[in-house]
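> please work out how this folds:
(chains A and B)
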Amino acid sequence: GENVEQHPSTLSVQEGDSAVIKCTYSDSASNYFPWYKQELGKRPQLIIDIRSNVGEKKDQRIAVTLNKTAKHFSLHITETQPEDSAVYFCAASFGTALIFGKGTTLSVSS
Amino acid sequence: DAGVTQSPTHLIKTRGQQVTLRCSPKSGHDTVSWYQQALGQGPQFIFQYYEEEERQRGNFPDRFSGHQFPNYSSELNVNALLLGDSALYLCASSSDIDNAGLAGGWWEQFFGPGTRLTVL
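Numbering: from 1, shown residues only, chains lettered A, B, ... in the order given. Predicted coordinates:
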């Protein structure tokens, strides 16, 4: 069935480094790919999204790239800061719903 | 402008009992989706309500049911609770019409704080 694989499951970087999280999806009809950030004990927050008619989207230090042919998309965070530490989830649309990956725990040390 | 709200915050039940969770969507949103998030996992889609009807359903048993009211708020009901139902239950609201006035906004979903359900 529909599935979203996310890697790595944990990622540790030094402050100022870049972080990259990758996801692959199985449903070729998926058209929308959001990324959520979830801090401990809090709700998932939408940080950036991309639709299938766009290859790349940037918002300050965050960017997302999409390769529809290969069915994978990635989140890039540049100049990481300690407050970027959280669990990040990718998701892909399935009908009107979202299917989520299992998450990546990002730790940024100063 | 109120965001998505959920009640209660926490709930403790015993096996076999029934539970009802509630969600009020963000102002201007008409679609509510429910997700189950087990510890250390990503949210899993349960179902989505639009115009008071279940529009799409994930891979969850019939013990999970829902309802949407005319004011767009929603309830999630779980019958015959199992230990494995212990999780954070999240609702997410969206609008079928996106910021550009086009259909397809249902994917841009904003989450509530969740209800932590513990089944003993």
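> residues in contact with residue 98?
Let's take chain A. A:Tyr32, A:Pro34, A:Ala91, A:Ala92, B:Ser33, B:Pro43, B:Phe45, B:Trp107, B:Gln109 (C-beta atoms under 8 Å, 6 or more residues apart in numbering or on different chains). Bear in mind the C-beta positions are built from the backbone N, C-alpha and C, glycine included.
> if you could check chain B rather than the one you did, that'd help
B:Asp98 is in contact with B:Gly104, B:Gly105, B:Glu108, counting by C-beta under 8 Å, 6+ apart.
> look up how far A:His76 lies from it.
24 Å (C-beta to C-beta, to the nearest Å).
> look up the pLDDT of the residue most central in space within chain B for me, please.
Relative to the mean C-alpha position of chain B, the nearest C-alpha, by C-alpha atoms, centre = their mean, is the one of B:Trp34, at 2.5 Å. As predicted, B:Trp34 sits at a pLDDT of 98.
> so which of the contacts of B:Asp98 wins on neighbours?
Using other C-beta atoms under 10 Å in any protein chain shown as the neighbour definition, the contacts of B:Asp98 reach their maximum at B:Gly105, which records 20 neighbours.
> straight-line length of stretch B:24-41, end to end?
24 Å (C-alpha to C-alpha, to the nearest Å).
> then stretch B:10-26?
Chord length of stretch B:10-26, first to last residue, is 21 Å (C-alpha to C-alpha).
> same deal with stretch A:81-99?
28 Å.
> where does chain A have low pLDDT?
Scanning chain A for pLDDT under 70 picks out A:1.
> in chain B, which spans are strands?
For chain B, applying DSSP state E gives strands covering B:5-7, B:10-13, B:19-24, B:31-37, B:44-50, B:53-57, B:64-68, B:74-78, B:87-94, B:110-111, B:115-119.
> so what strands line up beside the shortest one?
The reference is to strand B:110-111. Strand B:110-111 has the following sheet partners, assigned by DSSP bridges: strand B:87-94 (antiparallel).
> repeat for the last one
Here the strand partners of strand B:115-119, with direction, are listed using DSSP bridges: strand B:10-13 (parallel), strand B:87-94 (antiparallel).
> in the first one, what counts as buried?
I take that to be strand B:10-13. Neighbour counts using 16 or more other C-beta atoms under 10 Å in any protein chain shown place B:Lys13 of strand B:10-13 among the buried residues.
> what distance separates that strand from the centre of its chain?
Distance of strand B:10-13 from the chain centroid (C-alpha atoms, centre = their mean, to the nearest Å) equals 16 Å.
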